[in-house]
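A.B. asks: Below: sequence and its predicted model.
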Amino acid sequence: MEISVVKILYELEELSSTSVEHIIVNPNAAYDKFKDKRVGTKGLDFSDRIGKTKRTGYESGEYEMLGEGLGVKETPQQKYQRLLHEVQELTTEVEKIKTTVKESATEEKLTPVVLAKQLATLKQQLVASHLEKLLGPDAAINLTDPDGALAKRLLLQLEATKNSKGSGSGGKTTSGTLPDSSLVTYELHSRPEQDKFSQAAKVAELEKRLTELEATVRCDQDAQNPLSAGLQGACLTETVELLQAKVSALDLAVLDQVEARLQSVLGKVNEIAKHKASVEDADTQSKVHQLYETIQRWSPVASTLPELVQRLVTIKQLHEQAMQFGQLLTHLDTTQQMIASSLKDNATLLTQVQTTMRENLSTVEGNFANIDERMKKLGK
């Protein structure tokens with residue numbers, strides 16, 4: 001009970017705390033807002049695979065629209081960009097409606113044609129306000145081609161930089177050096193890990209091509225060909241090193257040493273062959289002697305073997321009869337046990353029948369006594 005009270009007090013304190021921000025979310029409104037909305041993934045690739053083509057993600061521009069309910073006030077530049085964006089979207093939607101909607105009696109008060117005219121007027125008023133002059137060139141945004149607009153701005157800044165350098169070198173400017181705010185500063189950010197990745201990708205590609213080349217050039221090993229013996233290199237470089245070692249062994253200065261070694265090896269092989277022949281002869285003689293001794297030991301048994309076989313044949317019938325007698329004895333024992341069990345069951349059943357008959361006789365006698373009493377009562 002105390003634990004539940006403490007838990008309730010803790011929850012009330014947490015709900016009333018000013019550190020907790022209470023946000024009321026309407027699921028239906030959120031569903032209607034994001035219904036039928038999809039993210040375009042055409043031409044995008046966020047994988048980290050190494051390849052020749054460049055991985056592209058979502059493009060981001062300078063335009064940013066503030067979210068609803070953030071409580072942050074828009075700047076004039078952000079408001080101007082938002083209005084341009086909304087007018088562009090509204091114009092696109094009206095153009096689609098003009099091509100798809102047919103004229104009917106149940107049309108709304110604002111037809112697509114009238115709405116398009118009003119949009120054109122609104123756009124003229126927005127352009128006529130000369131906000132670009134007041135807010136500067138940063139407020140201009142091309143919604144149809146953001147990449148082109150960004151490149152155009154970069155070219156304009158480069159031209160301004162060139163003009164500032166030319167005016168400074170000619171000495172014709174009366175104001176001296178330009179202020180720092182009018183200069184454009186470009187920063188170069190180096191990414192060594194990207195260089196490492198690109199180098200690793202090039203090395204991997206080179207290894208892959210080298211493996212394919214090795215697989216194409218390599219031939220099957222022929223056990224019968226003496227030239228291919230020992231060429232067990234895993235790649236082309238190891239095979240070339242093995243071939244160079246074999247070629248260096250064919251030098252005239254080395255051939256004499258090889259011949260002398262071969263002669264010594266040949267003499268040792270001949271000696272081993274002679275000793276092997278003598279050893280094989282001695283081994284054969286010992287095996288023959290052992291076999292002769294074994295035959296001599298089994299010769300008395302061989303003379304008594306026919307008599308032993310004759311006795312086993314005569315005793316065979318006796319063994320068969322003994323086996324049959326054992327089987328019959330086992331069957332008799334089993335039958336006797338079954339008969340004893342049946343007799344025991346029959347005795348139990350007989351006892352139950354006797355008990356039932358006594359109960360039935362007592363019941364019948366009671367019934368006859370009741371009938372006699374009733375007859376006597378009826379006779380009176």
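C.D. replies: Nice, I can see it. Bear in mind the structure is a predicted one, so any value in this text is a computation, not a measurement.
A.B. asks: how much space between residue 338 and residue 344?
C.D. replies: 11 Å (C-beta to C-beta, to the nearest Å). Just so you know, the C-beta spots here come from the backbone N, C-alpha and C atoms, and that holds for glycine as well.
A.B. asks: Now do the domain split for this structure, please.
C.D. replies: For the chain, automatic domain parsing gives the domain ranges 74-169, 195-219+226-249.
A.B. asks: Mind telling me which of those the model trusts least?
C.D. replies: Mean pLDDT is lowest for domain 74-169 out of the domains of the chain, coming in at a mean of 65.
A.B. asks: those helices in the chain, which residues are they?
C.D. replies: 2-15, 27-33, 76-100, 112-128, 131-135, 146-170, 192-217, 236-249, 252-379 (DSSP state H).
A.B. asks: any chance of these in TSV, with mean neighbour count too?
C.D. replies: Conversion of the helices of the chain to TSV gives the following (neighbours: other C-beta atoms under 10 Å):
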stretch	mean neighbour count
helix 2-15	9
helix 27-33	9
helix 76-100	15
helix 112-128	13
helix 131-135	14
helix 146-170	12
helix 192-217	11
helix 236-249	12
helix 252-379	10
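A.B. asks: Of all these, which one is nearest residue 45?
C.D. replies: helix 192-217 (15.5 Å; C-beta to C-beta).
A.B. asks: Determine the angle, from 0 to 180 degrees, between the closest one and helix 236-249.
C.D. replies: Here helix 192-217 points in a direction 60 degrees away from that of helix 236-249 (axes from the mean of the first three to the mean of the last three C-alpha atoms, to 10 degrees).
A.B. asks: For helix 192-217, name the packing helices and strands.
C.D. replies: Under the contact criterion of 3 or more C-beta pairs under 8 Å, 6 or more residues apart in numbering; DSSP states H and E, helix 192-217 touches helix 236-249.
A.B. asks: Only alpha carbons, please: show the helix it packs on as PDB.
C.D. replies: The C-alpha trace of helix 236-249 is given here as PDB (Å, rounded to 0.1, in the frame of the first residue of the first chain):
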ATOM      1  CA  LEU A 236      52.600 -15.200 -61.000                       C
ATOM      2  CA  THR A 237      55.400 -13.600 -58.900                       C
ATOM      3  CA  GLU A 238      56.100 -16.800 -57.000                       C
ATOM      4  CA  THR A 239      56.100 -18.900 -60.200                       C
ATOM      5  CA  VAL A 240      58.500 -16.500 -61.800                       C
ATOM      6  CA  GLU A 241      60.800 -16.700 -58.800                       C
ATOM      7  CA  LEU A 242      60.700 -20.500 -58.900                       C
ATOM      8  CA  LEU A 243      61.600 -20.400 -62.600                       C
ATOM      9  CA  GLN A 244      64.500 -18.000 -62.000                       C
ATOM     10  CA  ALA A 245      65.800 -20.400 -59.300                       C
ATOM     11  CA  LYS A 246      65.600 -23.400 -61.800                       C
ATOM     12  CA  VAL A 247      67.300 -21.300 -64.500                       C
ATOM     13  CA  SER A 248      70.100 -20.200 -62.200                       C
ATOM     14  CA  ALA A 249      70.700 -23.900 -61.300                       C
END
